[in-house]
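Enquirer: Let me see the structure of the following:
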Amino acid sequence: MAQNKKKDQEESLGRFILDIIIMMAIMVGIYYLLFSFVLSNETVSGPSMQPTFENGDRIIAVRHFNLKRNDIVILKAPDEKNALYIKRVIGLPGDMVTSKNDKMYINGKEIKQPYLNNSYKKQANKSGELYTNNFTLRRRVPKGQYFVMGDHRDVSKDSRYFGFVKRSAIVGEVKWRYWPLNQWRTNFY
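Expert: Modelled structure (predicted):
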């Protein structure tokens, strides 16, 4: 009888360990599938989106999305192999984009840019400089492409330099900053 009890306890412990291993394998599989096909976990590198995002911020982007103006996206760098950029969508397909005297115009109408009300813009304006250099696109944003810019306009390498971004080059739309913890946020306007 004591032998049967000991054998049952060993089988119970073995079954418990096997259950934990199976549960862990399922969780790892779900994590892998989730971050391969639905979400993208990225780290911000560089100053081009300051102060909205700082170097080292950790973010989650959603891979399946419908883009709107002012959405923040992760995209494959068109000028740097295996690199990703984080930028804000300014121009949608069919838009004509113009910047004049630090005001952005889409199809001739001024758009609000509350995310540019920051110390970098104020410092540039205080020293008599434009935060966003004047420009007018030579043509409308083509179908299936986007015009993107960084929030730190005077240091950002963006569509003003590398051109329009194809929809297929956009990895995901940023939905959540989770690091640093005191900067946890989901709305970036």
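Enquirer: what ranges do the strands span in this structure?
Expert: 39-43, 58-62, 72-76, 84-91, 97-100, 103-106, 109-111, 135-136, 145-149, 165-166, 170-179 (DSSP state E).
Enquirer: Rebuild those strands as TSV, extending it with mean neighbour count.
Expert: (Each C-beta comes from the backbone N, C-alpha and C, glycine too.) TSV is the format used below for the strands of the chain (neighbours: other CB atoms under 10 Å):
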stretch	mean neighbour count
strand 39-43	15
strand 58-62	18
strand 72-76	21
strand 84-91	23
strand 97-100	18
strand 103-106	16
strand 109-111	10
strand 135-136	10
strand 145-149	24
strand 165-166	19
strand 170-179	19
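Enquirer: and residue 20, which of these is closest to it?
Expert: For the strands of the chain, the distance to residue 20 is smallest for strand 39-43, at 25.2 Å, taking CB to CB.
Enquirer: Name all residues that make contact with the closest residue to residue 160 other than its chain neighbours.
Expert: By the measure of CB to CB, 6 or more residues apart in numbering, the closest residue to residue 160 outside its immediate chain neighbours is residue 135, 6.2 Å from it. The neighbourhood of residue 135, defined by CB atoms under 8 Å, 6 or more residues apart in numbering, consists of 98-99, 160.
Enquirer: Out of those residues, which comes closest to residue 113?
Expert: For residue 113, the closest of the contacts of residue 135 turns out to be residue 99, at 10.0 Å, with distances computed as CB to CB.
Enquirer: Surely the closest one and residue 131 touch.
Expert: No: the pair residue 99 / residue 131 is not scored as a contact, 9.6 Å apart, by CB atoms under 8 Å.
Enquirer: I'd like to know how far residue 82 sits from residue 76.
Expert: Counting by CB to CB, to the nearest Å, the separation of residue 82 from residue 76 is 8 Å.
Enquirer: same thing with residue 90?
Expert: If you measure residue 90 against residue 76 using CB to CB, the figure is 18 Å.
Enquirer: and what of residue 86?
Expert: Shown here: residue 86 relative to residue 76, a distance of 12 Å by CB to CB.
Enquirer: And the chain, what are its domain boundaries?
Expert: Each domain of the chain is listed here as a residue range: 1-37, 41-183, per automatic domain parsing.
Enquirer: what's the spacing between stretch 37-50 and its chain's center?
Expert: Going by CA atoms, centre = their mean, to the nearest Å, the spacing between the C-alpha centre of stretch 37-50 and its chain's C-alpha centre is 5 Å.
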